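> just to be clear, the model below is a prediction. Sequence and coordinates:
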Amino acid sequence: LLPRMCLNRFYLAQGVKLYSHDTWKIIFERKGNGLQMVAKNAASICRYYVKMCDADNHVVREAACQAVAELAQKIGTHEEYAELLAPFVPMLLQVRKSTKK
């Protein structure tokens, strides 16, 4: 569920976006480990984002691109977690090139 919850935080429909934000707060804000969980699940999250970048629905593709950007910004630049994202950077860059068409 984590990859979908992360992606839906960027979905165009306000209801979906707000529900995902609220769910995130309920699950992760108490423990303060949301960033850590995303980093530890980088493989499944990256695979899901790549898949959604190729979705038929343009709204899903846009949300996926925004989610990839957030992943790069928050995990890719984090001193402790960047190494967990590093193996997936080529895959994310490749999908970025293919969505620019």
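All right, it came through fine.
> my read is that residue 52 contacts residue 63, right?
Yes - between residue 52 and residue 63 there is a contact at 7.2 Å, judged by CB atoms under 8 Å. All C-beta spots, glycine's among them, are computed from the backbone N, C-alpha and C.
> please enumerate the shared neighbours of the two.
Residues touching both residue 52 and residue 63 (CB atoms under 8 Å, 6 or more residues apart in numbering): residue 7.
> quick check: longest helix of this structure.
Longest helix in the chain by number of residues, with DSSP state H as the criterion: helix 58-74.
> in stretch 23-41, what's buried?
In terms of neighbour count (16 or more other CB atoms under 10 Å), stretch 23-41 has its buried residues at 24, 28, 34, 36, 38, 39.
> sorry, back to before: helices or strands next to the longest helix of the chain in the packing?
Judged by 3 or more CB pairs under 8 Å, 6 or more residues apart in numbering; DSSP states H and E, helix 58-74 is in contact with helix 2-8, helix 34-40, helix 42-53, helix 89-99.
> centre of the chain versus the first one, how much separation?
Meaning helix 2-8. Distance of helix 2-8 from the chain centroid (CA atoms, centre = their mean, to the nearest Å) equals 6 Å.
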